[in-house]
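# make a model of this:
(4 chains)
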Number of protein chains: 4
Amino acid sequence: MKTSDFRSIVTNYKAVFFDAFGVLKNHKGIIPGIENTFDFLDEKGIDYYVLTNDASRSPADLARQYQINGIPSLTTDKIISSGMLAHDWLKLKIKKGRVAYLGTEQSAHYIEKAGLETLSINKLRLDEVDDIKCLVFLDDEGFDWNNDINKVINLLRKKNMSVIVANTDINYPVNRTDIAIAIGGISDMVEDILGRHFIRFGKPDAQMFMFAYEKACEKQPLNRDDILMVGDTLLTDIIGGNKFGMDTVLVLSGNTLPDNAKMKIRSTGIIPTYVCDTVASF
Amino acid sequence: MKTSDFRSIVTNYKAVFFDAFGVLKNHKGIIPGIENTFDFLDEKGIDYYVLTNDASRSPADLARQYQINGIPSLTTDKIISSGMLAHDWLKLKIKKGRVAYLGTEQSAHYIEKAGLETLSINKLRLDEVDDIKCLVFLDDEGFDWNNDINKVINLLRKKNMSVIVANTDINYPVNRTDIAIAIGGISDMVEDILGRHFIRFGKPDAQMFMFAYEKACEKQPLNRDDILMVGDTLLTDIIGGNKFGMDTVLVLSGNTLPDNAKMKIRSTGIIPTYVCDTVASF
Amino acid sequence: MKTSDFRSIVTNYKAVFFDAFGVLKNHKGIIPGIENTFDFLDEKGIDYYVLTNDASRSPADLARQYQINGIPSLTTDKIISSGMLAHDWLKLKIKKGRVAYLGTEQSAHYIEKAGLETLSINKLRLDEVDDIKCLVFLDDEGFDWNNDINKVINLLRKKNMSVIVANTDINYPVNRTDIAIAIGGISDMVEDILGRHFIRFGKPDAQMFMFAYEKACEKQPLNRDDILMVGDTLLTDIIGGNKFGMDTVLVLSGNTLPDNAKMKIRSTGIIPTYVCDTVASF
Amino acid sequence: MKTSDFRSIVTNYKAVFFDAFGVLKNHKGIIPGIENTFDFLDEKGIDYYVLTNDASRSPADLARQYQINGIPSLTTDKIISSGMLAHDWLKLKIKKGRVAYLGTEQSAHYIEKAGLETLSINKLRLDEVDDIKCLVFLDDEGFDWNNDINKVINLLRKKNMSVIVANTDINYPVNRTDIAIAIGGISDMVEDILGRHFIRFGKPDAQMFMFAYEKACEKQPLNRDDILMVGDTLLTDIIGGNKFGMDTVLVLSGNTLPDNAKMKIRSTGIIPTYVCDTVASF
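Below is the predicted model of the structure:
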């Protein structure tokens, strides 16, 4: 598949939205050469944000990882996580009561920062659910799947309540060859078993792109086609970016491989504006 | 099911978003008493918009129907149709070439107003597709299903292009007892047969609510929870409104019946803030 | 992909089940060299049957096409169509009343032979449905899609009845490049719009293989692993054959292409016992 | 909903197939009065079988539970479990090598009886998978979901192999109010995450009814409409029985409640021949 040089494309835009995994980092950490790309963007005065389906850690924690790995300019305000949308929703809609969650204590940050009391699913008792106002799927770790996924199902059968999924991804890579089920995959199973409809936040949903777009517009006036969305996944980054009206770059450094990119574009009908090998530069 | 009085609820909000069918009108036309509600809203200084999954007619045509039926204040600028989102997307993303469409000539308005040349699917020839840049599903009328749906399938197999669905509804009522397949239902079938992923506009997608929200904010500063979304369908109006952060009213004058509203809320897990019998008033 | 020679495989089995389209014939007609393969099977005393998702024509009509094209041994009793399963079901379950159908008059053969009175959907009147006992999806031709698919939807809303789909395929090839929507694709759309569950006959469902297996056992005692299922489609022929306990051959002369057979086997997890280029021989 | 008396119906048939849970037993054990029904059937010379989606215990273990609870005539040969179909498949198709499984040691019975070596997923090492020939989903207990479901996913990514689901149910009741995710629900999640297609055994699939039908025919010659299928679930027992050509009874003693039976029949389009309150008698 013929690919383009990222630098020669990006200079036609005022801002860039980057997906994180498969674009800026992989299982080994930050992809070497990415730091040069951010220097180049800073030099050219092109603004940038990282849009990530992640509710496992706070934006500050996510930013720190970039900073200690040689990209000091990726500060907290540059990070847009799906957890932040869940946080905003909770703050707006839940006025009092406790919020039950599946995830680590670290992930509960997104609820606590909304000023709400949290209760980990592994501490919830099914005979004391009166003040539980909402359930949030945050992270695949921090609870016992055998026991606690069944507990979630019976909680929702016992008391009808709003359910938020703070990361729509169904899996994520854990090393060069292996993947793990993400919390979005677990929430799909629970939805199927109950026949319910949850509220989901994360790419490819428009709300994620709107959140980033509004933030970017605070810095400078932007049209949607002034922004370039860069991602490694057709079904989240590229279809979402296309629908939002941005131009899109598919990079081949993550889960779409050089061998089958052409075939995947053809079979899904999801057509990126450009295809690049990587955003790293040397 | 215990219901609330619409007037006593709506006065707590600065703006209202109404679904059209099942809320303001039904198969017989505008629901009697609706005009009084709009007088009341005008009197109280509460702003309002109609959000409708419809790309069959222009906003001006949709507004005219309300005006000639006794609601003069429902002017063109109060109508938000899913067709308008398709129009904006086309204007932003398609710079030249022809746009093929399924629908009536009237529905092609949304493409023409974007300054693009249109080609009805029934006039398209499969050996002359080089300058076709995009396909739009607009309306279920205006073409021969046997011949033209198959033509669409082979057009997309021959040439990969962006496909827009300008109305996500799968059916619509045609009289007291009968329904008809909407263009969203036809586009689902085509997507399934091809295994492709189209770009869809309409409730419950966030982009529809965002479009209306931005328009409403031009008139007065609004928080999301200053707005009340009113609809008759849990799976479009209510889940979409809930997710966007608005309060929601389920009305029982359309496709959710008084008999099974409670059961449907329980089984879907989609919980409106309020339930009202109707928005009409006397 | 490394492939095997069909003759060297088939001699290890007592009977063969062939898919029709993509295996024995294509858009041009009977694949050249197929007649030699049947001579070979006759010579070796290996029994054979054609299993086809087809309810558009009677088994006799289907057989005739083979016979006039040089395969005299493919007689009516060698043809197993999904229409035959629908026929048997109707005969067993519908004792009186009329059966409405979507399809050509030719396809209605499967209902008439069950001794039942038929009514084409295009002649049905929605105000005279009292004696309609069952609806059958037979063929994509013979009715007006715009009018008659909507009529089907309102018939089923008006009167709850058993619905039979006599061919589960969603599309079929019409020439070298083009496909058409099959009646199975139309029935999927109707099911989705109504939220109903129809009774479907055809591969990969076990009932189709059981029907053929019982017929083959009348000739000679057979274990399931004495039979070889040959098909060009992983999702119907191969998964169905595997599940039924037969050995399977994927042939690359139809809709699984040599270029992507390996990738499709890997991505679907549907593993044929063998892969052959073709069953034709010279 | 008007219901019929089970005794007056069943005497028109030569054999009965009973679903287990919700028909013969519930969370408290065998439903009181069921023993009288079996006495009645024995007296009338009507044959019977229990068809259950269960691979957690052997048919002998399942039968023992009935026998020690006052139904001595429900012997092992009367029990048809989905696990038995999995067993037969393994015996026919897997000639050597080890079979990995999710489930308790008790459930592995179905693999061991096929003469195959078993390996519990919790003992499997991902670096020693060469001789693993097949994976079987048997039971939701006996392994650590967090660790072992992810292990299954990476096993199947590492080595493509046949995957058998020995129970298609997605959940099961554990007491008067609570349910638990069944192994069929877990296998659905794994299938979705991998995009694969597994081989599933259990109602409503035809293979389950065929297995029982063949067994019943060994006792006496039977037509399909000589058999009555009795179940509490429209989507498994009733649609499966209808499709197989048997008459069906929906009983209201399990997961279809008297209050909503009529509505469920209407909304699903799955129509039982009869509706009875219970099969128990006094």
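# helices of the stretch 101-250 of chain A, start to end?
Using DSSP state H, counting those that start in this stretch, the helices of the stretch 101-250 of chain A run over residues A:109-112, A:145-158, A:183-194, A:206-219, A:239-244.
# what about the residue in chain A positioned nearest to chain D, how many residues nearby?
Residue of chain A nearest chain D, by CB to the nearest CB: A:W145 (3.5 Å). Using the backbone N, CA and C atoms, a C-beta is placed for each residue, glycine as well. By other CB atoms under 10 Å in any protein chain shown, 21 other residues sit near A:W145.
# ok, the one 5 residues further on next?
A:N150 has 21 neighbouring residues, counting by other CB under 10 Å.
# and the pLDDT at the closest residue to it other than its chain neighbours?
Leaving aside its chain neighbours, A:N150 sits nearest to D:A180 (4.9 Å; criterion: CB to CB, 6 or more residues apart in numbering or on different chains). Confidence at D:A180, expressed as pLDDT, is 97.
# ok, D:A180 to chain B distance?
Using CB to the nearest CB, to the nearest Å, we find D:A180 at a distance of 19 Å from chain B.
# can you check A:D5 too?
As defined by CB to the nearest CB, A:D5 lies at a distance of 23 Å from chain B.
# might you report the residue contacts of the nearest residue in space to that residue that is not next to it in sequence?
If the residues on either side of it in the chain are set aside, A:D5 comes closest to A:C276, at 7.1 Å by CB to CB, 6+ apart. A:C276 makes contact with A:T3, A:S4, A:D5, A:F6, A:I9, A:V230, A:V249, A:L250, A:V251, A:L252, according to CB atoms under 8 Å, 6 or more residues apart in numbering or on different chains.
# repeat the analysis, applying 7 Å as the threshold.
A:C276 is in contact with A:T3, A:S4, A:F6, A:V249, A:V251, counting by CB atoms under 7 Å, 6 or more residues apart in numbering or on different chains.
# correct me, but the first one touches A:D277?
Yes. The pair formed by A:T3 and A:D277 meets the contact definition of CB atoms under 7 Å, at 5.0 Å.
# still on that earlier bit, so the residue nearest to A:N150 bridges to which residues?
Beta bridges link D:A180 to D:Y172, judged by DSSP bridges.
# try A:V249
A:V230, A:Y274.
# who are the contact partners of the residue nearest to A:N150?
Contact partners of D:A180, counting by CB under 7 Å, 6+ apart, are A:N150, D:D140, D:N171, D:Y172, D:V174.
# any idea which of these is closest to chain B?
Of all those, chain B sits closest to D:N171, with 14.9 Å by CB to the nearest CB.
# for the closest one, give me the pLDDT.
Per-residue confidence (pLDDT) for D:N171: 96.
# how about it, what does it touch?
Contact partners of D:N171, counting by CB under 7 Å, 6+ apart, are A:I193, D:I179, D:A180, D:I181, D:A182, D:G185.
# at 6 Å what do you get?
By CB atoms under 6 Å, 6 or more residues apart in numbering or on different chains, the contact list for D:N171 reads A:I193, D:I179, D:I181, D:A182, D:G185.
# count of neighbours near the third one?
Applying other CB under 10 Å, we find 25 other residues in the vicinity of D:I181.
# tell me how far it lies from B:I111.
The gap separating D:I181 from B:I111 is 48 Å, by CB to CB, to the nearest Å.
# check the second one too.
D:I179 sits at a distance of 50 Å from B:I111 (criterion: CB to CB).
# again with the fourth one
Plainly put, D:A182 is 50 Å away from B:I111 if you go by CB to CB.
# who has more neighbours out of D:I179 and B:I111?
Remark: of D:I179 and B:I111, B:I111 carries more neighbours, 29 against 18, as counted by other CB under 10 Å.
# coming back round to it: any chance of the helices of the stretch 101-250 of chain A in a markdown table, plus distance to A:T52?
Formatted as a markdown table, the helices of the stretch 101-250 of chain A follow (distance: least, CB to CB, whole Å):
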| stretch | distance to A:T52 |
| --- | --- |
| helix A:109-112 | 13 |
| helix A:145-158 | 24 |
| helix A:183-194 | 13 |
| helix A:206-219 | 9 |
| helix A:239-244 | 13 |
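# can I get these in a markdown table including distance to C:K262 and mean pLDDT?
Listed next are the helices of the stretch 101-250 of chain A as a markdown table, based on distance: least, CB to CB, whole Å; pLDDT from 0 to 100:
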| stretch | distance to C:K262 | mean pLDDT |
| --- | --- | --- |
| helix A:109-112 | 43 | 97 |
| helix A:145-158 | 34 | 97 |
| helix A:183-194 | 27 | 98 |
| helix A:206-219 | 36 | 97 |
| helix A:239-244 | 27 | 98 |
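# those: which one's closest to D:A20?
Between D:A20 and those, the shortest gap by CB to CB is with helix A:183-194, which sits at 20.2 Å.
# do the closest one and chain D meet at all?
Yes. Interface with chain D: helix A:183-194 contributes A:G185, A:M189, A:I193 (CB under 6 Å from any CB of the partner chain).
# nearest to A:E218 among those?
Of all these, A:E218 sits closest to A:G185, with 34.2 Å by CB to CB.
# mind checking how far stretch A:62-76 is from the chain centre?
Offset of stretch A:62-76 from its chain centre (CA atoms, centre = their mean, to the nearest Å): 17 Å.
# give the contact list for A:Q106.
A:R57.
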